[in-house]
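Asks: need a structure here:
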Amino acid sequence: MSDNRVIRPCQKLRPGGTYDGKQGFSYFEGIARQTTGSEAICMHILRIPPGGRARAHLHESHETAIYVMEGSAIMYWGERLEHLMETNAGDLIYIPAGMPHLPMNTGSVDAVAVISRTDPNEQESVKLLPELEELVP
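Replies: Modelled structure (predicted):
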């Protein structure tokens, strides 16, 4: 090839280790710059136990797409977390960049989701919003 592109191999991962996100959850390691050299996306699996709750936060520079595989959860979202979204297995959720949100599992079983973001370094643009914490029961 004469266009100077770097050709990288396709890769397969199996979730194994976990890492603690700023949001307050532990994620199963997945596709990210750190694991595959990804340049524009990351994808992880999140398991939220019953009663699990994230910290209020936003992602300053990337969009998020979520597929709920198991269980159910709720998510408060909006500038003052004034909106409530209920999610169940089979739902797809879109969160635009810069949107404050706070997910939690109010059910009796684990909620499991695949989370994809448009930034290979998923934690870099996470901004915690402690001033919104008391707005959610």
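
Asks: tell me if I'm right that W77 and P96 touch.
Replies: No. Using Cβ atoms under 8 Å, W77 is not in contact with P96; the gap is 9.8 Å. Where you see a C-beta, it was placed from the backbone N, CA and C, and this is true even at glycine.

Asks: neighbour count winner among the two?
Replies: More crowded of W77 and P96, by other Cβ atoms under 10 Å: W77, with 20 against 12.

Asks: for the more buried one, which non-adjacent residue is closest in space?
Replies: Ranked by Cβ to Cβ, 6 or more residues apart in numbering and with sequence neighbours excluded, the top spatial neighbour of W77 is H101, at 4.2 Å.

Asks: mind listing what's buried in stretch 43-50?
Replies: By 16 or more other Cβ atoms under 10 Å, the buried positions in stretch 43-50 come out as M43, H44, L46, R47, I48.

Asks: do stretch 4-23 as well
Replies: Applying 16+ other Cβ under 10 Å to stretch 4-23 flags G21, Q23 as buried.

Asks: tell me the mean pLDDT over that stretch?
Replies: The pLDDT scores in stretch 4-23 average 79.

Asks: how about the spatially most central residue of the chain, what does it touch?
Replies: When Cα atoms, centre = their mean is applied to the chain, the residue found nearest the centroid is I115 (4.7 Å). Shown in contact with I115 (Cβ atoms under 8 Å, 6 or more residues apart in numbering): Y27, M43, H44, I45, L46, T64, A65, I66.
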